[in-house]
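Novice: fold the following, please.
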Amino acid sequence: MFSTAASSAAAQDAAQPAAPSEHHGSTVGPFLLGGAAGLAAHESGHLLFDAIFDANPGIARVSFHGIPFFAITHDSGLSDRQEFVIDSAGFWVQHASNELILHAHPRLRDEHQPFLKGMYAFNVLASVAYAAAGFARTGPVERDTRGMAEASHLKEPVIAALILAPAILDGIRYFHPDARWAAWGSRGFKAGLVLLVFR
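Specialist: Numbers count the residues shown, from 1 in each chain. Coordinates of the predicted model:
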């Protein structure tokens, strides 16, 4: 009877390592879907204000150092304020999404929420990538940071810093949900970015 129990326990131990890989497989798809939803939400922000300002949005093929991509374009000749709003809208959507996600799931890291984690990761990483391009002043002329800089009459690295700061703070909030200073700092930068409309 002891050998049977031992064999049964050993069989259970051998079977347990397979569970994480199964769990991992069921996580990747929703995580990537969340990232895609984050991208769609970002672009929808641009399209919303394109429609509000009757700016005739379109899609242009662009490349980033040889990597093909696309950009949503609109008519030229808008006011600086309208241009800034359209170019900023994707970041506004990302910022609002992160705030909503963390409001509903303040300890997101500890939860099994692959879709929300994918969206959150996209929001943070996309901001980091945009900020890097803004600091280097590189990439297609349609990049958001360049349009925001020209419309607000600020240097592009300044805009890049305003995009990067809340991304870093939101990353801290994910790993340290009790860091209230990071939460309020992130919200302050996000609000400041919106207030640039009135500059």
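Novice: counting by contacts, list what whichever strand or helix holds Ala37 packs against.
Specialist: In this assignment (DSSP states H and E), Ala37 forms part of helix 18-52. Contact analysis of helix 18-52 by 3 or more Cβ pairs under 8 Å, 6 or more residues apart in numbering; DSSP states H and E lists strand 67-73, helix 80-104, helix 114-136 as its packing neighbours. For every residue, glycine as well, the C-beta is placed using N, CA and C.
Novice: in the second one, what's buried?
Specialist: Read that as helix 80-104. When neighbours are counted by 16 or more other Cβ atoms under 10 Å, the buried residues of helix 80-104 are found to be 82-95, 97-99, 101-102.
Novice: pLDDT wise, what is the residue nearest the centre of the chain at?
Specialist: Among the residues of the chain, Asn123 comes closest to the average C-alpha position under Cα atoms, centre = their mean, at 0.8 Å. The pLDDT attached to Asn123 in the predicted structure is 98.
Novice: that one contacts Glu99, correct?
Specialist: No - with contact taken as Cβ atoms under 8 Å, Asn123 and Glu99 are classed as non-touching, separated by 10.2 Å.
Novice: ok, now which ones touch Arg137?
Specialist: Residues touching Arg137, when contacts are defined by Cβ atoms under 8 Å, 6 or more residues apart in numbering, comprise 146, 156-157.
Novice: out of the helices and strands packed on helix 18-52, nearest to Leu48?
Specialist: Nearest to Leu48, of all the helices and strands packed on helix 18-52, is helix 80-104, at 6.5 Å by Cβ to Cβ.
Novice: who does that closest one touch, helix- and strand-wise?
Specialist: helix 18-52, helix 114-136, helix 144-152, helix 156-175, helix 180-195.
Novice: can you tell me the element Ser76 falls in?
Specialist: Remark: Ser76 resides in no helix or strand, with elements defined by DSSP H and E.
Novice: tell me how far it lies from Asp178.
Specialist: The gap separating Ser76 from Asp178 is 47 Å, by Cβ to Cβ, to the nearest Å.
Novice: ditto for Gly77
Specialist: Gly77 is 49 Å from Asp178, by Cβ to Cβ.
Novice: likewise His95?
Specialist: Summarising the geometry, the distance separating His95 from Asp178, computed by Cβ to Cβ, is 21 Å.
Novice: what's the angle from the helix holding Ala37 to helix 80-104?
Specialist: Helix 18-52 and helix 80-104 meet at an angle of 150 degrees, taking axes from the mean of the first three to the mean of the last three Cα atoms, to 10 degrees as the criterion.
Novice: lowest-scoring secondary structure element of this structure by mean pLDDT?
Specialist: helix 2-15 (a mean of 43; mean pLDDT, DSSP states H and E).
Novice: distance to Ala60 for the helices and strands packed on helix 80-104 - can I get that in CSV?
Specialist: Supplementary listing: the helices and strands packed on helix 80-104 in CSV, determined by distance: least, Cβ to Cβ, whole Å:
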stretch, distance to Ala60
helix 18-52, 12
helix 114-136, 17
helix 144-152, 13
helix 156-175, 20
helix 180-195, 25
